[in-house]
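[1] Predicted structure and sequence below. I'll ask about it afterward.
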Amino acid sequence: MATLSFSAAVAQWADKIEGAVEAVFKESVQEVVEEMQTPVGQGGRMRVDTGFLRASLLASSTSMPAINASSKPTEGTAYSPDFAQVEAVIAGSDIRDTLYFGYTAAYAGHREYGANGQPADGFVRMAAQNWPIIVDRKAAELKSRLGF
């Protein structure tokens, strides 16, 4: 999302408080990622069997992480996501940065868009569509925390 679009979405009060716009930005990005990662069983859109897809999420400030055609789960293994890399990219980002979040699992695209008779989950697209709502909510939360 372009900086101007983001800045326009954040109330003018945030521009007057040092660090407020950046806080809203980073908290909003974090929430979009959390929404992408939320399993169906917890009210989200991502089907989770082994956890491999969730664990394959990477973040970058330079380019979209690529799907790896050979990246598949090992039979009988459960995977837990490690958000340290994603959190580090968010924490190190600037309001002017474009952030990329992508899944490297070989079947990530099939889950997002549907394939082989399987319906589309749309976990990335739906979370991204909620960006304006999330920004508004995070701005309101910060405003409340600051006593405005």
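    Done, it's in.
[2] Give me the below-cutoff pLDDT ranges for the protein.
    Along the chain, segments meeting pLDDT under 70 span 1-16.
[3] now the strands: where do they sit in it?
    57-60, 100-103 (DSSP state E).
[4] could you check the distance from the residue most central in space within the chain over to Ala108?
    In the chain, the centroid-proximal residue (CA atoms, centre = their mean) is Val33; its distance is 2.0 Å. To Ala108, Val33 is 15 Å away according to CB to CB, to the nearest Å. In short, each C-beta sits where N, CA and C put it, glycine included.
[5] swap in Gly41?
    Going from Gly41 to Ala108 by CB to CB gives 19 Å.
[6] who has more neighbours, the two?
    Neighbour count, other CB atoms under 10 Å: between Gly41 and Ala108, Ala108 has more, with 21 against 9.
[7] and the residue lying closest to the more buried one once chain neighbours are set aside, backbone torsions?
    Closest residue to Ala108 apart from its sequence neighbours, by CB to CB, 6 or more residues apart in numbering: Ile67 at 5.4 Å. Dihedral angles phi and psi of Ile67 (degrees, to the nearest 10) take the values phi -70, psi 140.
[8] Please, where are all the helices along the chain?
    3-9, 12-15, 20-37, 52-55, 84-91, 108-113, 123-129, 131-145 (DSSP state H).
[9] on that earlier part again, most tightly surrounded among the strands of the chain?
    Stretch with highest mean neighbour count among those: strand 100-103 (a mean of 20; mean count of other CB atoms under 10 Å).
[10] And the contacts of that one?
    For strand 100-103, the surrounding residues in contact (CB atoms under 8 Å, 6 or more residues apart in numbering) are 32-33, 36, 53, 56-67, 86, 108, 112, 124.
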